[in-house]
Every structure is written in structure tokens, then in C-alpha cells.
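Peer 1: structure, please.
(chains A, B, C and D)
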There are 2 protein chains.
Amino acid sequence: MTTIKQIASIPLFEGLPTRYHEDLAMIVADRAYTRGQRIFSEGDEGTGFYVILSGRVKIFKLSPERKEQILHIFGPGEPIGEVSVFAGQRFPANAEALEGCRTFFFPRAAFVELIKRNPSLAMNMLAILSRRLRRFTELVEDLSLKEVPGRLAAYLLYLSERHKGSHDVVLDIAKGQLASLLGTIPETLSRILAKMTRHGLIALNGPHIRIVDREGLEGLAQGEKRLPP
Amino acid sequence: MTTIKQIASIPLFEGLPTRYHEDLAMIVADRAYTRGQRIFSEGDEGTGFYVILSGRVKIFKLSPERKEQILHIFGPGEPIGEVSVFAGQRFPANAEALEGCRTFFFPRAAFVELIKRNPSLAMNMLAILSRRLRRFTELVEDLSLKEVPGRLAAYLLYLSERHKGSHDVVLDIAKGQLASLLGTIPETLSRILAKMTRHGLIALNGPHIRIVDREGLEGLAQGEKRLPP
DNA sequence: CGTCGACTTGAGTTAACTCAAATCATGTGG
DNA sequence: CCACATGATTTGAGTTAACTCAAGTCGACG
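Peer 2: Now for the predicted structure:
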């Protein structure tokens, strides 16, 4: 596939006249990363942003004690590092490839020029940033107002939705990473999965989880109910 | 002052040709709120967004047990509720006046039209959303990776910076509200303020706080040090 | 002066953490 | 195909930061 066609298939650039796809193809840099490789680090100078073509990337913060909090996990078609294009110019967090990844890198200045000429590109970007703000809102709510069982229940229900509402879901990330995404540690996650199993909310088999009591999980996710000892 | 001049003085609309200020003046609605009054609630249909002219507004989430987490406190010149203009159309959180407030309300459709015609308005909005994402990043980091003393220390240093680096700061919100902003409860905040005083980090007098040991606070805020019992 | 809300202090509980060890899973070299 | 190294996950035991509940104390205002 040509670079132009790949660019045209990125949601962010949807609805853009073809000649702009050509312009973008002129400024783009193709960058690949291997599993575990750092894409950028918090505080780095942001000279542009990336769009993921394949693979998944985690965006995360680290504490001095090396505890990790995952902010997002992004996949193909999604932009990363765009905040540094529009505010400040340093990356606010770290990005690392969860698996082999291919990305397009767009230098800042050229992209800003393009956005100034293209209202629909600007609107696309505004929509993306707004969705991310909305998700952060939920993340803060989860971290601050729910306990770990509630966050886990919400995540399982989210996975179920992505699987078209199936009762059988498969964790698409390692449990240690899931713990970091939920703002906890592997030991705690493991204990809570075991407890949910004991209480008949789920059935657990490695990364395969069957949702046995959907209402029970929903109650937990809403913070209405709690998980007894 | 005329409506047009008030609009022209809003940072978001800075750099916009005068005729657009006139357009905005045509679609704006003037709305005032009293202390404690709800401006919008989570889940409400977002038919537009607000810009604060005077007073301060808190944006917050509530748990079923009525525990509150403040996401932001915004003041004059800042837009609120803009996320619902660009993504989904429901407000992701609640907004309430912390004191008497005057706002301008801009209906969604007309504003979107305007932004499509004005690259500089779009860029201004992108910058604002990006700054908010950056702040959320810090909030999540604080909630997940720091304990309450660290968050409080960071807040005190932030206040000090706003006061041009003065060692004497004044809390501009009630302590109960500060607790909610820091993701804790008034009792815990009170105990930690007392402990910081005992350890000679600060001197406390009602809402007046003197920063005695700046390095000590910085160590806490970075999560490098902890507060002994 | 009394009342109300905001704040502080005390006592006890608990969710989630740390540290340590056991178990399981996977992949490599022999 | 086996034996072991490596990393991921689970389980156990103990600790702790922060919570809940309850009881003051303080300050502003009618």
C-alpha cells in the first residue's frame, strides 16, 4: 500500500482532500519499534506526534519507586503524543510499545500549518482530544471514588462490550499490565479475581474470563455494591 | 462594557477578527449563578458551553455514597463544558458555582460553525484542551502514585508559585473543598496539615500557611521522601 | 448568646500495600 | 524430549495509609 493510502485510512485524516494526504506523505517519517521499546519519555522535547499503524502502545507515568500507572493503551489508527504539539512542547508521559509497532511520525510545524488550513482536520483533532478528556474524567473517577473490585468489574464489562456483549472475554494484556492500568499491583488484582470467582461473579481460566453474574459486576462497577470478604 | 468587548477579552477568542466577536455577541446568552448553584450535571444534554466571566466554578464527580472528587476549579476567562461540544453531547461531570458567577453561554451549533471558519479559534481551543489533558495526566499521577502528603505538598508549592514564590500562601478554597480536590476527606487533610506543622514543614494559621521548609515539601511532592508518623 | 457549619481530634477498622515464597508457563540449549 | 532458567502469576503473612464514626472545638453571624 502506498504511503498516501495509508494516510488516507487514518481516522484523524478522514474527510481531508486528497492533496492534503499528499502533503502529509511528504512530511511523514516511518518509525518502527520492538516490544518493550520506548517511543518517547516524559519531559522529552516533542518535535511532533505519532500515529500508530500496527501494534499497541501504552502511555504511562512512573513514580520514583518505579510504580507504573498506565493512562491509556492505544492501537492502530490512534494518535499519540499530540498534546505536546498544541500545549507546551514536552511529552507529559511515557510511551512504550506493548508489541512490535509501526508508526507514522508527523513533525510539529508542518502539521500545525496543515491544521490551520483545514477546519475538518481541526474538528477531527478536537473530537479526539475531547474523547480523551472524557476518558480521563472516568479514570480519575475510578481511581478516586471506586475501589479496585469496582474498577476491575468495569474493565471486564468494557471488554465484554467490545466482544459484542459476549459473556466470554479474553484479557488482551498481561495481568501485570492490567493491574497497572487499574491503578493497583498484580498481587491485589490476583486476589480480587480469585475472590470474584469464589463469589460466583466470574469463572477464571488463565486469560479467559467468563462473566457469570453480569448484574453483580454492574453493581460493583457502579460502586453501589461491595465485594464481601 | 459592551458584550463585544467582553467577548474580545476572553483568551479563547483572542486574535479573532472583530466581525467574529460581533457574530459571537449575537449568539451568546448571559447566565448568572449564585454560590452553590449547579450549572450543569453529569449526563445532561450539552447544548453548548460556558465561559466564566467572574467567580469560580468547580468541576467534579460524585460517587454513589456522595463522596466528591473535584477535577478542576476554573475562574474568569476559562471555558467549561466544551468537551460535550466536540465529543458526545453529554456533560462528563458536574459543574457548580463556588461563589456568585457570571458566565456567557455559547450554543453548540453556532460555535462549531465559527470554529470551522477560524483556524486561529480552532488552534486556541486545541491548546486549551491539550493543557487540560496535561493537567489530567498530573492529577492521575497524583492520585495513583503519590500519597496524600505528597499531593498536599504539591498543591502548597503550586499556590506559592502563583503568589510569585512567596513563602506565605493563603488557601483560596475551603479546606473541605481542598480535601476533595486532593482526593481525600477533611479529617485526613486536617491531620496531615497538623503533622506537617509538627515536623516543621509549614506554619499554620487558619487559611494562612507559611512555607517553612521548601525543600522538605519538594521532596514530598516528588514522592522521594515520606512524612514520618 | 446561641446556633450552624466548618474544622479538628480521637479511636477503631479496613482496603490495599509490602515482602517473601511457592507455583506455573514458556522457551532455550543440550 | 527433557531440564532448567526466566518471567508471570498466585498465595501467605504482616503492615499501614487512609477511611469511618463519634465527639469535641472554633468562628461567624443573626
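Peer 1: what distance do you get for residue A:221 to residue A:211?
Peer 2: Separation of residue A:221 from residue A:211 (CB to CB, to the nearest Å) stands at 12 Å. (Glycine included, C-beta is placed from N, CA and C.)
Peer 1: same deal with residue A:96?
Peer 2: 30 Å.
Peer 1: can you give me the buried ones in the lengthiest helix in chain A?
Peer 2: Using DSSP state H, we find that the single longest helix of chain A is helix A:119-145. Buried residues in helix A:119-145, counted by 16 or more other CB atoms under 10 Å in any protein chain shown: A:119, A:121-130, A:132-134, A:136-137, A:139-145.
Peer 1: now stretch A:169-188
Peer 2: Quick answer for stretch A:169-188 (16+ other CB under 10 Å): A:169, A:171, A:173, A:177-184.
Peer 1: adding pLDDT, write the residues you listed out as CSV.
Peer 2: Below are those laid out as CSV (pLDDT from 0 to 100):
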residue, pLDDT
A:169, 96
A:171, 97
A:173, 96
A:177, 98
A:178, 98
A:179, 98
A:180, 98
A:181, 98
A:182, 98
A:183, 98
A:184, 98
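Peer 1: select, from the residues you listed, the two members most distant in space.
Peer 2: Farthest apart among the buried residues of stretch A:169-188 by CB to CB are A:169 and A:183. That separation is 20.2 Å.
Peer 1: number of residues surrounding residue A:205?
Peer 2: A count of neighbours around residue A:205, defined by other CB atoms under 10 Å in any protein chain shown, yields 10.
Peer 1: what residues does chain A have near DNA strand C?
Peer 2: Near DNA strand C, the residues belonging to chain A are A:65, A:67, A:147-149, A:183-185, A:187-188, A:192, A:206, A:226, A:229 when assessed by CB under 7 Å from any atom of the strand.
Peer 1: one more pass at 6 Å, please.
Peer 2: Counting by CB under 6 Å from any atom of the strand, the residues of chain A close to DNA strand C are A:147-149, A:184-185, A:187-188, A:229.
Peer 1: ok, and which of the residues you listed reach DNA strand D?
Peer 2: residue A:187.
Peer 1: now the residues of chain A next to DNA strand C in TSV, with secondary structure and distance to residue B:53?
Peer 2: Output for those, formatted as TSV (DSSP: H, G, I helix; E, B strand; the rest coil; distance: CB to CB, whole Å):
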residue	secondary structure	distance to residue B:53
A:147	coil	40
A:148	helix	42
A:149	helix	44
A:184	coil	42
A:185	coil	46
A:187	helix	51
A:188	helix	46
A:229	coil	52
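Peer 1: residue A:75 is in contact with residue A:58, correct?
Peer 2: No. Using CB atoms under 8 Å as the test, residue A:58 is too far from residue A:75 to be in contact (10.6 Å).
Peer 1: okay, those two: which has more neighbours?
Peer 2: A direct count of neighbours by other CB under 10 Å for residue A:58 and residue A:75 places residue A:58 higher, at 22 against 14.
Peer 1: so which strand or helix has the more buried one?
Peer 2: Using DSSP states H and E, residue A:58 sits in strand A:57-62.
Peer 1: can you give me the strands for chain A?
Peer 2: In chain A, the strands defined using DSSP state E lie at A:29-33, A:38-40, A:48-54, A:57-62, A:68-74, A:79-80, A:94-97, A:101-107, A:168-170, A:202-205, A:208-211.
Peer 1: before we move on, back to that, centre of the chain versus the longest helix of chain A, how much separation?
Peer 2: From the chain centre to the centre of helix A:119-145 is a distance of 11 Å (CA atoms, centre = their mean, to the nearest Å).
Peer 1: so what are the domain limits for chain A?
Peer 2: Following the assignment in automatic domain parsing, chain A carries domains at A:3-135, A:146-221.
Peer 1: residue of chain A closest to DNA strand C, please.
Peer 2: Proximity of chain A to DNA strand C (CB to the nearest atom of the strand) peaks at residue A:147, 2.8 Å away.
Peer 1: what sits closest to that residue if chain neighbours are left out?
Peer 2: residue A:226 (7.4 Å; CB to CB, 6 or more residues apart in numbering or on different chains).
Peer 1: can you check residue A:11 too?
Peer 2: residue A:77 is the one closest to residue A:11 (CB to CB, 6+ apart), at 5.2 Å.
Peer 1: how many other residues sit next to that neighbour?
Peer 2: Per other CB under 10 Å, the neighbour tally for residue A:77 reads 14.
Peer 1: check residue A:46 too.
Peer 2: 20.
Peer 1: wait, it touches residue A:87, no?
Peer 2: No. The criterion here is CB under 8 Å, and residue A:46 misses it with residue A:87 at 9.7 Å.
Peer 1: for residue A:107, which non-adjacent residue is closest in space?
Peer 2: Using CB to CB, 6+ apart, the closest residue to residue A:107 is residue A:48 (4.2 Å).
Peer 1: settle this for me: the one you found is touching residue A:86, isn't it.
Peer 2: No. Assessed by CB under 8 Å, residue A:48 is found out of contact with residue A:86, at 11.9 Å.
Peer 1: who's more crowded, these two?
Peer 2: A count of neighbours by other CB under 10 Å puts residue A:86 above the other of residue A:48 and residue A:86, at 26 against 20.
Peer 1: show me what contacts residue A:77?
Peer 2: A:9-12, A:51-52 (CB atoms under 8 Å, 6 or more residues apart in numbering or on different chains).
Peer 1: hang on, I meant residue A:120
Peer 2: A:15-16, B:116.
Peer 1: are any of those buried, and if so which?
Peer 2: By 16+ other CB under 10 Å, these give residue A:16 as buried.
Peer 1: one step back: how about JSON lines for the strands of chain A, with distance to DNA strand D added?
Peer 2: Output for the strands of chain A, formatted as JSON lines (distance: least, CB to the nearest atom of the strand, whole Å):
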{"stretch": "strand A:29-33", "distance to DNA strand D": "17"}
{"stretch": "strand A:38-40", "distance to DNA strand D": "16"}
{"stretch": "strand A:48-54", "distance to DNA strand D": "21"}
{"stretch": "strand A:57-62", "distance to DNA strand D": "13"}
{"stretch": "strand A:68-74", "distance to DNA strand D": "12"}
{"stretch": "strand A:79-80", "distance to DNA strand D": "22"}
{"stretch": "strand A:94-97", "distance to DNA strand D": "13"}
{"stretch": "strand A:101-107", "distance to DNA strand D": "17"}
{"stretch": "strand A:168-170", "distance to DNA strand D": "12"}
{"stretch": "strand A:202-205", "distance to DNA strand D": "7"}
{"stretch": "strand A:208-211", "distance to DNA strand D": "10"}
